[in-house]
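*Asks:* take a look and give me a structure for this.
(one chain, ligands or ions: 2)
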Amino acid sequence: MSEKKIGGAGLRGQSAGETKLCTVGQSGSGLTYCGYDVADLAENSTFEEVAYLLFNGDLPNQAELDAYKTEIKAMRDLPQALKEVLERIPADAHPMDVMRTGASFLGNLEPENDFSEERVAANRLLAAFPAIMTYWYRYSHEGVKIDCMTDEDSLGGHFLRLLTGKEASEQHKRVMDVSLILYAEHEFNASTFTARVCASTLSDMYSCITGAIGTLRGPLHGGANEAAMDMIQKFTSPADAKEQMAGMLARKEKIMGFGHAVYRTSDPRNVVIKAWSEKLAQENGDTSLYDISVACEEFMWDTKKLFCNADFFHASTYNYMGIPTKLFTPIFVCSRLTGWAAHVMEQRTNNRIIRPSADYTGVEPRTVGPIAER
Ligand SMILES: CC(=O)SCCNC(=O)CCNC(=O)[C@H](O)C(C)(C)COP(=O)(O)OP(=O)(O)OC[C@H]1O[C@@H](n2cnc3c(N)ncnc32)[C@H](O)[C@@H]1OP(=O)(O)O
Ligand SMILES: O=C([O-])CC(=O)C(=O)O
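*Replies:* Ligands and ions are numbered 1, 2, ... in the order given. Reported below is the predicted structural model:
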């Protein structure tokens, strides 16, 4: 096997375009959406305000926010044909495949006919994703056909109610809101770049989002929150976590939820979600999952100088809220839809088809010989 190329591989460090939406790692570790620090947004805004910000470039005033929330609340239900498709997807399907099919099928029923409908398509997906995920989950796992409309004020609260059929606590609703804010946007990450490449061919919003979901699914990207949960659940104590992780590193296994393509010393989303994980652990009374997670964080920093990315403490946070592990990455979809759609709209305002070049490393030119002589 030839030696792995690190330098320019994966387009690392290269600018592939301009954006007004986000900066990542500009001061080493910072993250801003349209000029606002993500920690400020997580403390002082709601996910709906962030969605509005990404789609419009500015935070809404109260009247604008009220109107926006009313608009997307009315779009939460699913068409009957989509419910029937979701009912046919087996319980052991990957929930990200369900999200991909849900987005794609909705695009058949309610296509974006031209770019003047891009906001409607984006808002429709935003409003419908929680029901796409939970309608399939509860039908396939519990045999229940849920009512996809709720009176919940926030998208996070709406999702939690669809998942359990009961109203979640104010604390859990707020944690979900913060989580959706943290995951909303991240510049030219792999899934967003996929969406922009698709948009650059002048394709429709649903195709861009469907492609982005497929890209987010992988464990090196959004799938890491689920993979991190699978890992920490196997550890019996902080000491066991350190011992097992040492073995994983010796076997050159990737530790999910650690490291980043852009940040070098920390991911600013980690400190926010870690604090919520700790609060939920205390509320729960059993802090062992949080303690194990902290041991993992210490071990990875001490041995490899690798830090937790946004995904790692999301695992324990969601687990403390009783969310099934297989829904972790689909929740990421519900949030990142805002970033993806905003990038699609931005790409369309100043478009040139994205088509880079490749350095050829294949065989020298040759001719096709007769098949009997090959
Ligand atoms: C929301 C998100 O999408 S955040 C990212 C979520 N993904 C994960 O948590 C998966 C685990 N992490 C990784 O695989 C990587 O750190 C990535 C994909 C996030 C970034 O990849 P890169 O930019 O190539 O990482 P970077 O250049 O810093 O790392 C180089 C070396 O560091 C080591 N390294 C980086 N991350 C890890 C890790 N989590 N575990 C073990 N070793 C690691 C590896 O030795 C890697 O060498 P390799 O190419 O032989 O695997
Ligand atoms: O930026 C990246 O490469 C991955 C990431 O953290 C994200 O998409 O949130």
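*Asks:* please make it C-alpha for all contacts and neighbour counts, starting now.
*Replies:* Fine.
*Asks:* residues in contact with the residue nearest to residue 238 when sequence neighbours are not counted?
*Replies:* Spatial nearest neighbour of residue 238, excluding adjacent residues (CA to CA, 6 or more residues apart in numbering): residue 292 at 4.5 Å. Residue 292 makes contacts with 232, 235, 237, 238, 241, as judged by CA atoms under 8 Å, 6 or more residues apart in numbering.
*Asks:* from those residues, which land in helices?
*Replies:* Within these, residues falling in helices by DSSP state H are 232, 238, 241.
*Asks:* where are the low-confidence patches of the stretch 1-150 of the chain?
*Replies:* 1-7, 28-29 (pLDDT under 70).
*Asks:* hey, where'd the helices end up in it?
*Replies:* 38-44, 47-56, 62-73, 80-87, 95-109, 118-142 (DSSP state H, counting those that start in this stretch).
*Asks:* show me what the second one is packed against.
*Replies:* In this structure, helix 47-56 makes packing contacts with helix 62-73, helix 170-183, helix 328-349, judged by 3 or more CA pairs under 8 Å, 6 or more residues apart in numbering; DSSP states H and E.
*Asks:* can you give me how far the first one is from the chain middle?
*Replies:* In terms of CA atoms, centre = their mean, to the nearest Å, the centre of helix 62-73 is set 24 Å apart from its chain centre.
*Asks:* for it, output the C-alpha coordinates as PDB.
*Replies:* These are the backbone C-alpha positions of helix 62-73, laid out as PDB (Å, rounded to 0.1, in the frame of the first residue of the first chain):
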ATOM      1  CA  GLN A  62     -40.200  39.800  18.400                       C
ATOM      2  CA  ALA A  63     -42.800  40.400  15.600                       C
ATOM      3  CA  GLU A  64     -40.600  38.700  13.000                       C
ATOM      4  CA  LEU A  65     -39.900  35.700  15.300                       C
ATOM      5  CA  ASP A  66     -43.600  35.300  16.200                       C
ATOM      6  CA  ALA A  67     -44.500  35.300  12.500                       C
ATOM      7  CA  TYR A  68     -41.700  32.900  11.600                       C
ATOM      8  CA  LYS A  69     -42.700  30.500  14.300                       C
ATOM      9  CA  THR A  70     -46.300  30.600  13.300                       C
ATOM     10  CA  GLU A  71     -45.300  29.900   9.700                       C
ATOM     11  CA  ILE A  72     -43.200  26.800  10.500                       C
ATOM     12  CA  LYS A  73     -45.600  25.500  13.100                       C
END
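*Asks:* so it versus helix 118-142, what angle?
*Replies:* Counting by axes from the mean of the first three to the mean of the last three CA atoms, to 10 degrees, helix 62-73 lies at 50 degrees to helix 118-142.
*Asks:* so for helix 62-73, what gets flagged as buried?
*Replies:* By 16 or more other CA atoms under 10 Å, the buried positions in helix 62-73 come out as 68, 69, 72, 73.
*Asks:* out of these, who's nearest residue 272?
*Replies:* residue 69 (25.1 Å; CA to CA).
*Asks:* returning to what we had before: I'd like the helices of the stretch 1-150 of the chain laid out as CSV, including distance to ligand 2.
*Replies:* Putting those into CSV (distance: least, CA to the nearest ligand atom, whole Å) gives the following:
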stretch, distance to ligand 2
helix 38-44, 12
helix 47-56, 15
helix 62-73, 24
helix 80-87, 27
helix 95-109, 16
helix 118-142, 18
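*Asks:* how about a markdown table for those helices, with distance to residue 364 added?
*Replies:* What follows is the helices of the stretch 1-150 of the chain, written out as a markdown table (distance: least, CA to CA, whole Å):
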| stretch | distance to residue 364 |
| --- | --- |
| helix 38-44 | 51 |
| helix 47-56 | 48 |
| helix 62-73 | 57 |
| helix 80-87 | 49 |
| helix 95-109 | 40 |
| helix 118-142 | 46 |
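*Asks:* which of those helices sits closest to residue 187?
*Replies:* It's helix 47-56; of the helices of the stretch 1-150 of the chain, that one is closest to residue 187 (CA to CA) at 11.6 Å.
*Asks:* if we can go back for a sec, what's the most distant pair in the buried residues of helix 62-73?
*Replies:* 68 and 73, at 8.5 Å, using CA to CA across the buried residues of helix 62-73.
*Asks:* from residue 287, how far off is residue 192?
*Replies:* 35 Å (CA to CA, to the nearest Å).
*Asks:* same deal with residue 238?
*Replies:* 11 Å.
*Asks:* could you pull out the helices for the stretch 251-374 of the chain?
*Replies:* So, for the stretch 251-374 of the chain - with DSSP H, counting those that start in this stretch - the helices run 268-284, 288-304, 312-320, 328-349.
*Asks:* could you pull up the mean pLDDT of the longest one?
*Replies:* Think helix 328-349. Across helix 328-349, pLDDT averages out at 98.
*Asks:* now do it against helix 95-109, angle only.
*Replies:* 40 degrees.
*Asks:* in helix 328-349, what's buried?
*Replies:* So for helix 328-349, counting by 16+ other CA under 10 Å, buried means 328-348.
*Asks:* which other helices and strands contact it?
*Replies:* helix 47-56, helix 95-109, helix 118-142, helix 170-183, helix 190-200, helix 205-216, helix 224-234.
*Asks:* mind redoing it with 7 Å?
*Replies:* Contacts defined by 3 or more CA pairs under 7 Å, 6 or more residues apart in numbering; DSSP states H and E place helix 328-349 against helix 47-56, helix 95-109, helix 118-142, helix 170-183, helix 190-200, helix 224-234.
*Asks:* can it be found next to ligand 2?
*Replies:* No: residues of helix 328-349 are not located near ligand 2 by CA under 6 Å from any ligand atom, the shortest gap being 8.2 Å.
*Asks:* could you export that helix as PDB, CA atoms only?
*Replies:* C-alpha atoms of helix 328-349 as PDB (Å, rounded to 0.1, in the frame of the first residue of the first chain):
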ATOM      1  CA  PHE A 328     -28.700  11.000  17.600                       C
ATOM      2  CA  THR A 329     -27.500  11.600  14.100                       C
ATOM      3  CA  PRO A 330     -31.000  12.300  12.700                       C
ATOM      4  CA  ILE A 331     -31.400  15.100  15.400                       C
ATOM      5  CA  PHE A 332     -28.200  16.600  13.900                       C
ATOM      6  CA  VAL A 333     -30.100  16.600  10.500                       C
ATOM      7  CA  CYS A 334     -33.000  18.500  12.000                       C
ATOM      8  CA  SER A 335     -30.500  21.200  13.100                       C
ATOM      9  CA  ARG A 336     -28.000  21.300  10.200                       C
ATOM     10  CA  LEU A 337     -30.800  21.500   7.700                       C
ATOM     11  CA  THR A 338     -30.700  25.300   8.500                       C
ATOM     12  CA  GLY A 339     -27.000  25.600   7.600                       C
ATOM     13  CA  TRP A 340     -27.300  23.400   4.500                       C
ATOM     14  CA  ALA A 341     -30.300  25.300   3.200                       C
ATOM     15  CA  ALA A 342     -28.600  28.700   3.900                       C
ATOM     16  CA  HIS A 343     -25.600  27.600   2.000                       C
ATOM     17  CA  VAL A 344     -27.700  26.400  -1.000                       C
ATOM     18  CA  MET A 345     -29.300  29.800  -1.100                       C
ATOM     19  CA  GLU A 346     -26.000  31.600  -0.800                       C
ATOM     20  CA  GLN A 347     -24.400  29.400  -3.600                       C
ATOM     21  CA  ARG A 348     -27.300  30.300  -5.900                       C
ATOM     22  CA  THR A 349     -26.800  34.000  -5.400                       C
END
